[in-house]
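In: generate coordinates for the sequence data below:
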Amino acid sequence: MMLRLQFNNRVALSSCNRPVIQEAFFKFPMHNQVDLPPKFYITAIQEFYAQHFPDYNVIMTVYHGDELEGKGKKKVGDHPHIFIDCKNKRTGEYDLTEQQALLANKVIESVEFFKDYEPVNTKQQTYQESQIIGEALQELFYQHINQKFIMENIPILASKVEATQENLELRKKIRLESKKPKEDRAFNLYTLRQEQLEEVREEINNITTEISYAVELRDDLLVNINKSMETVAKQEKQIERAEVYTSKRLKTLSNDINEKKKSLEQLAEVEQQAKLKIKELNQKKINLKSVINSELEKHNRTIKALNEKINKDQKRHGEIQRAIKVINEELQPLIHSFDVKVDKVLNAKQSNAPTESTYKDLKDNIIQTARYLGKDKREDYLFNVQEKLKEVGLDNQKVEFNIVDKTKLWASDTFTSKQTIEFDAEEKREAAKARAKRMLIPKPPSPFNNPNDPYQ
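Out: Residues are numbered from 1 along each chain as shown. Down below sits the predicted model:
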């Protein structure tokens, strides 16, 4: 028998943009009607990770054999979940995703199905690269599961769905949708909740119809019971009048009465069952109303969170607009002027002309630029200015801030709102790396007597 399977992995817990625990699972779609013991599912996924990722501990493996979803609460299909510690036992690094990317690149190089794929970035992946890694791991899992079928004499073969044009278009659509905000996606949480709410309302309508039908049935039963009782009473009177005429007739009528009594008991039992059904349906209606209220609360919380995000994004947008205006109107002219003033100092130095006034102009330019920068951005800017002057052979001490200069900056920081440009967390980390890298570049000794110059 040939069948399809689905293998997927995802981050279960992360910290500081690094995955800490990864979750994976696989299952055979329900229409394949695969009947395998739980032990097969658990050992299959554990052996796969032991083979390809032996340096990472398995935290837990669980088995789902009764999960339901969707309309009518259909079974999802038996499947296992495995939770992997992303910390490498040998190196101590949280690098499971990097190892998976390296393994995916080997699959891309060796498997014909991936001949048109480019190798993925092993350090940091885009969404599309993450999808490619998942496809590559699924390819390896197909190989693993088929080998296990052979080893255990199971007459099953798992194979991928061919990459038809329709499948490729669907993948492309899903990837494009993932770049949109959640509220703009074709299948977002709001749409899902609306569909679920509509299903619940439809089920309530069906239950209400069933209750009405049961009530009508009960009323009909009561009418029939009353009629039957009247009939029995009439027949008993007839029996009393017939007793003087024939015992045979009396026996026949007695038999009829017994049959009618049985019918009455059956009707009474049906009535009791109908009452129980009505009670059950009423309780189900109450439960469904509770579910609706719960879903509405979730929906409202989602809307509130989206509105808060919109307000936050609008505030951030205003800050960016102000920063762009300052860069275009203030900082760009100052940065251009800085390069011009550096050239003037170099020209004066080469022609043995006085440089004091040009150094002063250069320092004033640096102070004016620093007024627009936040604390971390200013620190990075002043460091790069010092390194720039050293690299071109100028005396960086000439532009170091004295107490008057620092007082000017303090007054600007305290009494104005010019400090518009600042790093975000990622930019701050990258700038620190760039400064450290720049310090490692060998430089010629400074021609000036600077005790703070590490290259003296």
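In: which secondary structure element contains residue 427?
Out: When elements are assigned from DSSP states H and E, residue 427 belongs to helix 425-440.
In: secondary structure of residue 60: a strand, I assume?
Out: Yes: counting by DSSP: H, G, I helix; E, B strand; the rest coil, residue 60 is located in a strand.
In: look up how far residue 113 lies from the closest residue to it other than its chain neighbours.
Out: Ranked by C-beta to C-beta, 6 or more residues apart in numbering and with sequence neighbours excluded, the top spatial neighbour of residue 60 is residue 83, at 4.7 Å. All C-beta spots, glycine's among them, are computed from the backbone N, C-alpha and C. In this view, residue 83 and residue 113 are 29 Å apart by C-beta to C-beta, to the nearest Å.
In: now residue 366
Out: The spacing between residue 366 and residue 113, counted by C-beta to C-beta, is 58 Å.
In: just give me the longest helix of this structure.
Out: The residue-count maximum for a helix in the chain (DSSP state H) belongs to helix 247-326.
In: list the contacts for residue 119?
Out: When the contact criterion is C-beta atoms under 8 Å, 6 or more residues apart in numbering, the partners of residue 119 are 105, 108-109.
In: can you select the buried ones from those residues in ChimeraX?
Out: In ChimeraX, this line selects whichever of those come out buried by 16 or more other C-beta atoms under 10 Å:
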select :105,108
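In: which of the contacts of residue 119 sits closest to residue 415?
Out: Distance ranking of the contacts of residue 119 against residue 415, using C-beta to C-beta, places residue 105 first at 56.4 Å.
In: could you point out which element follows whichever helix or strand that closest one is part of?
Out: Assigned by DSSP H and E, residue 105 belongs to helix 96-110. On the C-terminal side of helix 96-110, the closest following helix or strand by DSSP H and E is helix 127-151.
In: neighbour count: residue 366 and residue 113, which is higher?
Out: More neighbours surround residue 366 than the other of residue 366 and residue 113, with 20 against 14 (other C-beta atoms under 10 Å).
In: now the helix or strand hosting the more buried one - C-alpha only, PDB.
Out: Element membership for residue 366, per DSSP H and E: helix 356-370. Output in PDB follows, covering the C-alpha atoms of helix 356-370 (Å, rounded to 0.1, in the frame of the first residue of the first chain):
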ATOM      1  CA  GLU A 356      43.800  75.500  15.100                       C
ATOM      2  CA  SER A 357      40.800  77.300  13.500                       C
ATOM      3  CA  THR A 358      40.000  74.400  11.200                       C
ATOM      4  CA  TYR A 359      40.200  71.900  14.100                       C
ATOM      5  CA  LYS A 360      37.900  74.200  16.100                       C
ATOM      6  CA  ASP A 361      35.400  74.200  13.200                       C
ATOM      7  CA  LEU A 362      35.600  70.500  13.000                       C
ATOM      8  CA  LYS A 363      34.900  70.100  16.700                       C
ATOM      9  CA  ASP A 364      31.900  72.400  16.500                       C
ATOM     10  CA  ASN A 365      30.600  70.300  13.600                       C
ATOM     11  CA  ILE A 366      30.900  67.100  15.800                       C
ATOM     12  CA  ILE A 367      29.100  68.800  18.800                       C
ATOM     13  CA  GLN A 368      26.300  70.000  16.500                       C
ATOM     14  CA  THR A 369      25.900  66.500  15.100                       C
ATOM     15  CA  ALA A 370      26.000  64.800  18.600                       C
END
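In: pLDDT (mean, whole number) over it?
Out: Per-residue pLDDT over helix 356-370 has a mean of 90.
In: buried residues in that helix, which are they?
Out: Residues of helix 356-370 classed as buried under the neighbour-count rule (16+ other C-beta under 10 Å) are 358-359, 362-363, 365-370.
In: how about a markdown table for those, with distance to residue 143 added?
Out: Supplementary listing: the buried residues of helix 356-370 in a markdown table, determined by distance: C-beta to C-beta, whole Å:
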| residue | distance to residue 143 |
| --- | --- |
| 358 | 71 |
| 359 | 70 |
| 362 | 66 |
| 363 | 67 |
| 365 | 64 |
| 366 | 62 |
| 367 | 66 |
| 368 | 65 |
| 369 | 60 |
| 370 | 60 |
